[in-house]
Each structure stands twice: as C-alpha cells, then as structure tokens.
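Undergrad: below is the sequence, then the predicted model.
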Amino acid sequence: MGKVATVFKVYIENGKEAEVSKAIKEKLKPNGMQIEEVAFGIKVLKVMFVHEDEEGSTSFEDGLRKIPDVTEVEIEGESLL
C-alpha cells in the first residue's frame, strides 16, 4: 500500500523530558520529535513515525509505553503520505 505518518502524544514524568527524549531516539528511531507545553508546566513529547500502512502503529505505541518515565501514550493523528 502506502506510507503512513503517525504522531503520538507522549506524557512523561515532570522534569524527565531529556531522559525520555534520549531513550526514544535511541530505541525507536522516530522520524521527528518535539516538546510541547500543554499547561502549567506540563509538557508532552510529540513523536512522529513514518511506516508502511500494513505495518500498523501498535508496535510503536507499545515501544513508547515501555520507555521509563512515560505515563501515557495516545495517537494524535495519522495521515497517508
């Protein structure tokens, strides 16, 4: 089929942005990542993966959940490329 871009919102323990970012980069090799402030000092990482359509995004979500100090993971959006 085609390629899909999936963007995840990754909620992390307060103050652990650098450690979590480094772990995600090393273990999962995302195509893009940025830190976004949500409210009152709460920050989330937005992490993007580009993958084949038939591959699905479940493996990326599971991988993100296994990173230490990650508290929640949700899909923000998916788009065909």
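TA: Perfect, thanks for sending it.
Undergrad: next one: the helix or strand of the chain with the lowest mean pLDDT to chain centre, how far?
TA: Averaged element by element with mean pLDDT, DSSP states H and E, the chain has its least confident helix or strand at strand 32-39 (a mean of 91). In this view, strand 32-39 has its centroid 10 Å away from the chain centroid, taken as Cα atoms, centre = their mean, to the nearest Å.
Undergrad: cool, and stretch 7-17?
TA: Relative to the mean C-alpha coordinate of its chain, stretch 7-17 is positioned 8 Å out (Cα atoms, centre = their mean).
Undergrad: so the most centrally placed residue in the chain is in which element?
TA: For the chain, the residue nearest the mean C-alpha position is V47 (3.3 Å; Cα atoms, centre = their mean). In this assignment (DSSP states H and E), V47 forms part of strand 42-52.
Undergrad: so which bits of that strand are buried?
TA: K43, V44, L45, K46, V47, M48, F49, H51 (16 or more other Cβ atoms under 10 Å). Where you see a C-beta, it was placed from the backbone N, CA and C, and this is true even at glycine.
Undergrad: and which of those residues is nearest to K29?
TA: F49 (8.5 Å; Cβ to Cβ).
Undergrad: which one is the closest one nearest to, not counting chain neighbours?
TA: The spatial neighbour of F49 that comes closest, neighbours along the chain excluded (Cβ to Cβ, 6 or more residues apart in numbering), is F60 at 4.9 Å.
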